[in-house]
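Visitor: One predicted model, sequence on top.
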Amino acid sequence: MIAESVLIEKVRTLLNEAHGESGLSLITDDPLMLDNYIKGLLPEAVLFVQMNRRHRAVNGKNIADCKLAVANDEKGIIVLPEDYVRLISLKLDTWKKPCYVAAEAGSAVERAQMNKYTRAGVSSPICVETATADGSQLNVYPVNGESAPSVEYLMYEARYDGSKGLATNNGYLIEAVVCQCAGLVCNVFGKYDAANAFMSLAATLCNNNKQ
């Protein structure tokens, strides 16, 4: 877990604005204002990395007691937590393998579940993320209503909460968050060349194959 204060200091250092350093500020002479900008932009920076990372989780959560309802069309329905951002892994006790990716509502993947010849099996389960009036849910396949399946676990990317910090120890992803946040700060202060450079580096770190 990386505390928000540590992330703020990392962004400041990247911007050559580390606390305690003497010399002329390149952004602002008000350290509190800079800290507030960084704090306010961290959720956006984390979300960018969550949606673009290729491998490990950025701010993962694990729920073991998730509720599953079975609809008449033999699909499972899981109401997603309010802080849900992106699926990491879902496993039902009747599945042989977890599902790692949530397809979009209305996609060909979802339409395939309406046909008994193309629908998913226990060795290749499918999740479809859909919006509802109350939030979001996952429609999961296959679900046999007679077997009353249960959720073994739901792992997902959670929305960033500064009071809890960032739940990862992966150096590439931490640096990606820091670079993206630094880029957003530079945008605020009109330093667009620096912003583009930081954001480009953040995107590269998200796709680093060594993660």
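Guide: Everything's here; your move. Numbering: from 1, shown residues only.

Visitor: check contacts around Val58.
Guide: Val46, Val49, Gln50, Glu157, Leu166, Thr168, Asn170, Leu173, Val177 (C-beta atoms under 8 Å, 6 or more residues apart in numbering). (C-beta placed from N, C-alpha, C; glycine too.)

Visitor: Could you pull out the buried residues of the helix ranked longest in the chain?
Guide: Secondary structure of the chain read by DSSP state H shows that its longest helix is helix 31-52. For helix 31-52, a neighbour-count test (16 or more other C-beta atoms under 10 Å) marks 34-35, 37-39, 41-42, 45-50 as buried.

Visitor: likewise stretch 153-160?
Guide: Those would be Leu154, Met155, Tyr156, Glu157, Ala158, Tyr160, for stretch 153-160 by 16+ other C-beta under 10 Å.

Visitor: still on that earlier bit, could you export the longest helix of the chain as CSV, CA atoms only?
Guide: These are the backbone C-alpha positions of helix 31-52, laid out as CSV (Å, rounded to 0.1, in the frame of the first residue of the first chain):
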residue,chain,number,x,y,z
PRO,A,31,3.6,24.5,-1.9
LEU,A,32,0.2,24.0,-0.3
MET,A,33,-1.5,24.9,-3.6
LEU,A,34,0.7,22.5,-5.5
ASP,A,35,-0.1,19.7,-3.0
ASN,A,36,-3.8,20.4,-3.4
TYR,A,37,-3.6,20.2,-7.2
ILE,A,38,-1.7,16.9,-7.0
LYS,A,39,-4.2,15.5,-4.5
GLY,A,40,-7.1,16.5,-6.7
LEU,A,41,-5.6,15.0,-9.8
LEU,A,42,-4.4,11.7,-8.4
PRO,A,43,-7.8,10.0,-8.8
GLU,A,44,-7.8,10.9,-12.6
ALA,A,45,-4.2,9.7,-12.9
VAL,A,46,-5.0,6.4,-11.2
LEU,A,47,-8.1,5.9,-13.4
PHE,A,48,-5.9,6.4,-16.5
VAL,A,49,-3.5,3.7,-15.5
GLN,A,50,-6.3,1.3,-14.4
MET,A,51,-7.9,1.6,-17.9
ASN,A,52,-4.6,1.3,-19.8
